[in-house]
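K.L.:
Pasted the sequence and its predicted model underneath.
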Amino acid sequence: MGTIMELKNINKIYGTQIQTQVLYDINLSFEAGSFNSIIGQSGSGKSTLLNIMGTLDRPTTGDVFIKGVNVNEMTDNELADIRNLLIGFVFQFHYLLPEFTAIENVLMPYRIRNQKVTKEVKSKAEEYMELVGLSQVRNNPSSKMSGGQQQRTAIARALINNPSLILADEPTGNLDSDSTENIYELMRDINQKLGTTFIIITHDRRIAEKADRIVEIKDGKINLDLTK
């Protein structure tokens with residue numbers, strides 16, 4: 001299916017007078033439609049890596065290719081378009097807007113780009129709410145939903161612009177074990193039904209082992225790259 005993302009010789013250094021290197025010569029590529037996990041202890045550099053993959057941060061040196069295009073050469077506005085159109089984000093904290101309903105939150109990325117929500121897009125949002133098992137509560141205020149329901153809503157929101165890639169940073173970090181299992185099963189189901197590529201950052205090896213590929217980051221370097 002081809003490569004959706006490739007990282008070449010990625011280094012990340014913070015600071016000027018006192019420099020701290022977080023990533024060292026990272027080389028990785030991810031196939032379209034794959035389901036991947038990146039594991040590592042706190043401070044290993046895995047979240048920094050995800051931010052670079054998601055164009056939320058730029059590497060100090062090295063190149064990031066998304067669908068064959070070097071995004072390092074893009075302007076901030078062009079990167080914002082890439083994030084809006086090609087990449088969906090799911091974070092440990094769902095970042096739903098409490099004054100809006102669940103389905104209004106799902107539609108927000110589309111509304112940011114297009115302003116007017118068409119009948120077709122509204123119907124698509126309702127389909128995604130059904131896909132994540134929340135069609136019955138789609139009009140509930142997001143603040144009145146359980147943690148698991150809020151995270152499911154965040155996943156539906158990440159899907160609304162039909163991204164090729166979803167980056168998830170500790171997406172179950174605030175959930176109990178049952179909800180964690182359900183969220184990972186949901187993401188796997190979306191991967192299989194829609195062909196969406198997933199790259200999931202987690203410190204939970206038990207959960208990471210459910211992925212088809214495990215990449216371990218240790219002290220800013222690739223310590224393990226295992227494909228099942």
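P.N.:
Everything's here; your move.
K.L.:
going forward, measure contacts between C-alpha atoms and count neighbours the same way
P.N.:
Noted.
K.L.:
which intervals of the protein have sub-threshold pLDDT?
P.N.:
Residue ranges of the chain with pLDDT under 70: 1, 93, 115, 173-176.
K.L.:
list the contacts for the residue nearest to residue 135 when sequence neighbours are not counted?
P.N.:
Excluding its sequence neighbours, the residue lying closest to residue 135 (C-alpha to C-alpha, 6 or more residues apart in numbering) is residue 129, at 5.1 Å. By C-alpha atoms under 8 Å, 6 or more residues apart in numbering, the contact set of residue 129 is 103, 135, 138, 153, 156.
K.L.:
Of those residues, which belong to helices?
P.N.:
Under the assignment DSSP state H, these contribute 103, 153, 156 to helices.
K.L.:
Residues in contact with stretch 165-180: which ones?
P.N.:
With contacts defined as C-alpha under 8 Å, 6+ apart, stretch 165-180 is touched by 4, 47, 50, 54, 86-93, 147-148, 151, 158, 183, 196-203.
K.L.:
now the helices for the protein?
P.N.:
For the chain, the helices defined by DSSP H occupy 46-53, 76-86, 102-114, 119-131, 147-159, 177-194, 205-208.
K.L.:
can you put these in CSV and add distance to residue 59?
P.N.:
Conversion of the helices of the chain to CSV gives the following (distance: least, C-alpha to C-alpha, whole Å):
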stretch, distance to residue 59
helix 46-53, 6
helix 76-86, 14
helix 102-114, 26
helix 119-131, 34
helix 147-159, 24
helix 177-194, 28
helix 205-208, 25
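K.L.:
Show me which of those has the highest average neighbour count.
P.N.:
The highest mean neighbour count among those, using mean count of other C-alpha atoms under 10 Å, belongs to helix 147-159: a mean of 25.
K.L.:
Please export the C-alpha coordinates of it as PDB.
P.N.:
Extracted in PDB, the C-alpha atoms of helix 147-159 (Å, rounded to 0.1, in the frame of the first residue of the first chain):
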ATOM      1  CA  GLY A 147     -14.300   9.500  30.400                       C
ATOM      2  CA  GLY A 148     -14.600   6.500  28.000                       C
ATOM      3  CA  GLN A 149     -17.400   8.300  26.000                       C
ATOM      4  CA  GLN A 150     -15.400  11.500  25.800                       C
ATOM      5  CA  GLN A 151     -12.400   9.600  24.400                       C
ATOM      6  CA  ARG A 152     -14.600   7.800  21.900                       C
ATOM      7  CA  THR A 153     -15.900  11.200  20.800                       C
ATOM      8  CA  ALA A 154     -12.300  12.400  20.400                       C
ATOM      9  CA  ILE A 155     -11.700   9.500  18.100                       C
ATOM     10  CA  ALA A 156     -14.700  10.300  16.000                       C
ATOM     11  CA  ARG A 157     -13.500  13.900  15.900                       C
ATOM     12  CA  ALA A 158     -10.100  12.700  14.600                       C
ATOM     13  CA  LEU A 159     -11.900  10.900  11.800                       C
END
